[in-house]
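S.K.: quick check, what structure comes out for this input:
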Amino acid sequence: MAAGDLRDGRIVIVGASLAGLRAAETLREEGFTGSLTVVGDEPHPPYDRPPLSKQVLLGRATADTTELPMRRDPGADWRLGVAATGVNPLEKRLLLADGESLPYDRLLIATGTRARPWPNPAEGALDGVFTLRTREDAAGLAERLDAGPKRVLVIGAGFTGSEIASACRERGLDVTVAERGPAPLVGALGGTLSQLAAVMHRNHGVDLRTGVTVTALRGNGGFVGADLSDGTRVDADVCVVALGAVRNVEWLADSGLAAGPRGIACDAGCRAFNMYGIVTDDVFVAGDVSRFPHPLFGYQMLSLEHWGNAVEQAEVAAHNMISPGPMKRPHLAIPTFWSTQFGLNIKSVGVPTYSDHVVIAQGSLEARRLVMVYGYRGRITAAVTVDMAKSLDYYRHLIETAAPFPPPPGAQDRALAADVPVPSDVPDPKGLSHGPTVALTGYLPDRRLSVVQPTH
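M.R.: Model (predicted):
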């Protein structure tokens, strides 16, 4: 297709969620006039997932009110309730579960993730056992919580598991959290902040069990309890399996694309790699299902499960799908995410797991109000705020400019001498029942890289 034709032709987007919607809107905003089709396996128009573990579980909103607002009508043909089953890259056709195939000139894959199921299907099918990913999941779980269960068991203390436990306690429900690792959120935030997370769980009445696994879910038709690896048993009538996410890539097994358990590999311009590492010109990737290199983090391939990343990457992908080579943009956004749990507002910028040391630059663990700054080999790579979100932009700038670690005086409200950097204590994810929301999927480079994000 000639460069002049890029704003015309047939574009198909697979994935009718946040990234797919924002990409469709951006294509039209930037002048794409061709045919646009959005395929989604769920029957619903695009909806927002973060409220499902927060407002919906608290009864402040219903699952069917989480529809995403459209910035503009993208004039797309919406094919909802039908899953994609494959890609024929030679004929440039997307294969659908209903037997149809859609021709495309350019394809955007934004199929996201699904909740990791309980490994024993029979136990996972017990009445009262839930995962939380879809509108139906949230509606079903909220209905059970409304009924006032005696106890809720949450398996996994990552962000989703912790938010579910927080919602249960806010409702006045007894809750037990079982986590294989040493503390909640340790896979995402490292050891120091995870200690604060553990204190907050327990101070809010959570029965927190760490260093244990759930060996069996019990029940005869309905869930009644679980056996733990330390020999104890938890009696409960609702169980939420919060073991992280599975990237939706299985349908691409025969596509010839570089798709695997950690996502679909793409370049910084969101162009998918094929299985031989050659970049494609007509297949793009965006959102949770992607793996992409980032120069600020040692060119490691990052997999992000973040709302902001899905939006920014979708906009870059859409721009690049209809722009000639010299006009293509890189996706260099600094990862950010947020969580609200147990009355605390946790916000992060950068990649906390890409670190070897941390220092508390503002506030304190005791005050439960602080900024934790992360460094790797002498430069700042991340910052996490607890009820101090206004400081994030300052630290974002330090990350973008590869500023030295520990941070210089500036946003700090006390002398650094009071806090010496300590190891960041980021564990191997294999030892956890929750994973990081930012996964490093490359190798750790053996040299320091200082890359400054270009100004626009």
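
S.K.: from here on, contacts and neighbour counts on C-alpha atoms
M.R.: Will do.

S.K.: show the pLDDT at the closest residue to residue 283 other than its chain neighbours.
M.R.: In space, and not counting its chain neighbours, residue 283 is closest to residue 107: 4.8 Å by CA to CA, 6 or more residues apart in numbering. Model confidence at residue 107, given as pLDDT, is 98.

S.K.: what's the separation between residue 107 and residue 126?
M.R.: Going from residue 107 to residue 126 by CA to CA, to the nearest Å gives 39 Å.

S.K.: then residue 189?
M.R.: Plainly put, residue 189 is 33 Å away from residue 126 if you go by CA to CA.

S.K.: out of the two, which sits in the more crowded spot?
M.R.: residue 189 (27 against 19; other CA atoms under 10 Å).

S.K.: point out where the stretch 351-456 of the chain drops to low pLDDT.
M.R.: Judged by pLDDT under 70, the stretch 351-456 of the chain has its weakly predicted residues at 409-419, 429-456.

S.K.: count of residues packed around residue 420?
M.R.: Residues within reach of residue 420, counting by other CA under 10 Å, total 12.

S.K.: tell me the secondary structure at it.
M.R.: Put simply, residue 420 is coil when judged by DSSP: H, G, I helix; E, B strand; the rest coil.

S.K.: skipping its backbone neighbours, what lies nearest it in space?
M.R.: residue 359 (6.5 Å).

S.K.: list the contacts of the one you found.
M.R.: By CA atoms under 8 Å, 6 or more residues apart in numbering, the contact set of residue 359 is 372, 373, 374, 406, 419, 420, 421, 422.

S.K.: returning to that earlier point: could you give the bridge partners of the residue nearest to residue 283?
M.R.: residue 12, residue 283 (DSSP bridges).

S.K.: touching, it and residue 9? I think so.
M.R.: No. Residue 107 is beyond contact range of residue 9, at 11.2 Å (criterion: CA atoms under 8 Å).

S.K.: more neighbours: these two, which one.
M.R.: residue 107 (26 against 16).

S.K.: and the lengthiest helix in the chain, how far out from the chain middle?
M.R.: In the chain, assigned by DSSP state H, the helix with the most residues is helix 307-321. Put simply, helix 307-321 sits 15 Å off its chain's centre (CA atoms, centre = their mean, to the nearest Å).

S.K.: and the contacts of it?
M.R.: With CA under 8 Å, 6+ apart, helix 307-321 has contacts from 6, 18-20, 22-24, 26-27, 30, 106, 108, 269-271, 282, 284-288, 327-331, 333, 335-337.

S.K.: what subset of those residues is buried?
M.R.: Among the contacts of helix 307-321, the ones that count as buried by 16 or more other CA atoms under 10 Å are 6, 18-20, 22-24, 26-27, 106, 108, 269-271, 282, 284-288, 328-331, 335-337.

S.K.: in strands only, show me those.
M.R.: Counted as lying in strands by DSSP state E, out of these, are 106, 108, 271, 282, 284, 285, 336, 337.

S.K.: list just the nearest of the residues you listed to residue 259.
M.R.: Closest to residue 259 out of those is residue 285 (10.7 Å), distances taken as CA to CA.

S.K.: I figured the closest one hits residue 273, correct?
M.R.: No. Judged on CA under 8 Å, residue 285 makes no contact with residue 273 at a distance of 9.6 Å.

S.K.: can you list residues touching both of those two?
M.R.: Contact criterion CA under 8 Å, 6+ apart; residues shared by residue 285 and residue 273: 264, 266.

S.K.: show me what the residue nearest to residue 420 is bridged to.
M.R.: Applying DSSP bridges, one finds that residue 359 bridges with residue 373.

S.K.: gap between it and residue 61?
M.R.: Taking CA to CA, one finds residue 359 at 38 Å from residue 61.

S.K.: how about the helices in the stretch 1-150 of the chain?
M.R.: 18-29, 121-124, 135-146 (DSSP state H, counting those that start in this stretch).

S.K.: which residues belonging to stretch 198-216 are considered buried?
M.R.: 198, 200-201, 205-210, 212-214, 216.

S.K.: of the residues you listed, which belong to strands?
M.R.: Going by DSSP E, the strands hold 207, 208, 209, 210, 214, 216 from the buried residues of stretch 198-216.

S.K.: nearest residue to the first one in space, ignoring adjacent ones along the chain?
M.R.: Spatial nearest neighbour of residue 207, excluding adjacent residues (CA to CA, 6+ apart): residue 176 at 4.5 Å.

S.K.: ok, now the second one?
M.R.: Closest residue in space to residue 208, ignoring its immediate chain neighbours: residue 177 at 4.9 Å, by CA to CA, 6+ apart.

S.K.: just the third one next, same as before
M.R.: Spatial nearest neighbour of residue 209, excluding adjacent residues (CA to CA, 6+ apart): residue 178 at 4.9 Å.

S.K.: circling back to that earlier point, between the contacts of residue 359, identify the one with the most neighbours.
M.R.: Most neighbours among the contacts of residue 359, by other CA under 10 Å: residue 374, with 34 neighbours.

S.K.: in space, what's closest to that one - neighbours in sequence excluded?
M.R.: Spatial nearest neighbour of residue 374, excluding adjacent residues (CA to CA, 6+ apart): residue 358 at 4.4 Å.

S.K.: cheers, nothing more for now.
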